[in-house]
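Asks: After the sequence you'll find the predicted model.
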Amino acid sequence: MAIQKLNYGGTAWHVYTNLFLGAIFIGVAIYAGISFHPLFYLLALPAVYFGFEASKWRGGGVLEERLRIRDEFIKQVQPKDGDRVLDVGTGGGLLAIGFVKAAKDVEAVGIDLWVPGGGGTSLKTAKRNAEIEGVADRVEFKKADARNIPYPQDYFDIVVASFVIHMIHKDRDKVFQEMLRVLKPGGRFAIIEPPRGYRWAVDGKLKEKLETMGLSNVGFRPLEVRYPKKRNVYIIRGEKPASS
């Protein structure tokens, strides 16, 4: 496999965000230092931190790390031969492609809106990755909103997402509801998310929310991410009761 040709998303967003924040601190420090008091120049110090963070995100190894995370995630979900998988917010197709490679006769669908600048991937990118990884005949990619998944109820054996749900600020509960709607009774739900974000936290309230929506055996399992620095994210898992 030509790993160097795969594109599962870059780090440009993180680089530019940190550079932008650093520039803001520098601008405020210069303005306040000139207009009010030289001590305000100290406000420029956080710019050093943001510059350092940007440089870390520019380093190599992001593709290898994403492939490692994919492998760890799939080991936890344990797809079975013949499973039908939905990857919500698929981006470059990382999970969808990984699942069809993990077991015999697995078919996967990856949906996304592929917003420009939202991660450096596209529908074309996802299809190209599937070709490179040799599974183009078993993966389908479709432009669709996670809040209105264009598949019937009880259709998929596994529904997954990776670093997507915490980024959806509007009607996030609708995303959960749709993911559970298309999941078969007895099917598995699994997502990878950071511990905290904007109006997001992996905690007891999230567990209660998912249980109220119909998931059983909800659990959180830490997963170490090593790029650009070591930190824990969480695999959030559950099952749709067979009696639903």
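Replies: Perfect, thanks for sending it.
Asks: tell me the phi and psi of Glu107?
Replies: With angles defined as degrees, to the nearest 10, Glu107 sits at phi -120, psi 140.
Asks: separation between it and Ile74?
Replies: 15 Å (CB to CB, to the nearest Å). C-beta coordinates here come from the backbone N, C-alpha and C atoms, glycine included.
Asks: can you count the residues close to the residue found closest to Tyr198 once you drop the neighbours it is linked to in the chain?
Replies: Counting by CB to CB, 6 or more residues apart in numbering, the nearest residue to Tyr198 once its immediate chain neighbours are dropped is His169, at 6.2 Å. His169 has 10 neighbours, counted by other CB atoms under 10 Å.
Asks: care to break the protein down by domain?
Replies: Domain assignment for the chain by automatic domain parsing gives 12-57, 62-239.
Asks: Highest mean neighbour count out of those?
Replies: Burial of the domains of the chain is given as mean neighbour count (mean count of other CB atoms under 10 Å); domain 62-239 ranks first at a mean of 18.
Asks: Regarding Val160, what is its secondary structure?
Replies: strand (DSSP: H, G, I helix; E, B strand; the rest coil).
Asks: Equivalent analysis for Trp114, please.
Replies: Following three-state DSSP, the label given to Trp114 is coil.
Asks: Can you pull the phi and psi angles for it?
Replies: Torsion angles, degrees, to the nearest 10, at Trp114: phi 50, psi 60.
Asks: what pLDDT does the nearest residue to it once chain neighbours are set aside get?
Replies: Closest residue to Trp114 apart from its sequence neighbours, by CB to CB, 6+ apart: Ser122 at 5.1 Å. Per-residue pLDDT puts Ser122 at 91.
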